[in-house]
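S.K.: Sharing a model prediction with you, sequence too.
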Amino acid sequence: MFQLPRLTIIDKTSGVVVGDQIRFANTPLARLVGLLGAAKLNPGEGLLLLPSSGVHTCGMRFPIDVVAMDRRWRVRRIWERLSPWRVLCPSAATHIVLELPDGRAREARIEEGDQLAFTQGP
C-alpha cells in the first residue's frame, strides 16, 4: 500500500481517541484502493475517506466498522462489522467516511450525532 498521511481522530462529544494511526485517503486513487490488500486493521488504525458518500468491501478479507459523517464531521450513521463483499451508499448527507477495525465503534462508544475531529498524526 502506498504511503498516506496519518491522522488522529477524536470523538469531541466524549473525548475518546477513536484512532491514532488513521490513514487519510486524500486522492481519488487512494480512496479507490482503500484497504484492499490489507490483511487486517490493528488497534488504533483506520482509513478516512474524504470526500466519500459510500464504501465497498469487495475484495477485503476482514469485516470493518464504518462511520458516516456529514460535512461538519457529525456522525450520521454507524455500521458495525460490515462483512467483505458489501456496498454501502449511506445518504446524500454523507461526505466523510471512517473505516475502523471490527468492533472499534462500539469500544469507542461512537453514537449518531457525535462530533468527530482530527489532529495531525505522528
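M.R.: Cool, the structure landed. Please read these numbers as outputs of a predicted model, since none were measured by experiment. Numbering: from 1, shown residues only.
S.K.: ok, residue 24 to residue 110 distance?
M.R.: 18 Å (CB to CB, to the nearest Å). Backbone N, C-alpha and C define where each C-beta goes, glycine included.
S.K.: These two - which one has more neighbours?
M.R.: residue 110 (24 against 19; other CB atoms under 10 Å).
S.K.: Pretty sure the more buried one sits in a helix.
M.R.: No. Checked against DSSP: H, G, I helix; E, B strand; the rest coil, residue 110 lies outside a helix; its state is coil.
S.K.: and it, what is it in contact with?
M.R.: Counting by CB atoms under 8 Å, 6 or more residues apart in numbering, residue 110 makes contact with 11, 16, 18, 67, 75, 78, 116.
S.K.: just residue 57 next, same as before
M.R.: Shown in contact with residue 57 (CB under 8 Å, 6+ apart): 63, 64, 82, 83, 84, 85, 86, 87.
S.K.: Give me the contact list for the strand ranked longest in the chain.
M.R.: Ranked by residue count under DSSP state E, the longest strand found in the chain is strand 16-25. Contacts with strand 16-25, where a contact means CB under 8 Å, 6+ apart, come from 4-11, 31, 33-34, 42, 44-50, 52, 98, 100, 104, 108-110, 116, 118, 121-122.
S.K.: Any buried residues in it, and which?
M.R.: Buried positions in strand 16-25, judged by neighbour count with 16 or more other CB atoms under 10 Å: 18, 19, 20, 21, 22, 23, 24, 25.
S.K.: Likewise for stretch 56-63?
M.R.: Of the residues in stretch 56-63, 56, 57, 60, 63 count as buried by neighbour count, 16+ other CB under 10 Å.
S.K.: how about the closest residue to residue 115 other than its chain neighbours, phi and psi?
M.R.: Excluding the flanking residues, the one nearest residue 115 by CB to CB, 6 or more residues apart in numbering is residue 12, at 4.5 Å. Taking degrees, to the nearest 10, you get phi -70, psi -20 for the backbone angles of residue 12.
S.K.: Same check on residue 32?
M.R.: The phi/psi pair for residue 32 (degrees, to the nearest 10) is phi -70, psi -50.
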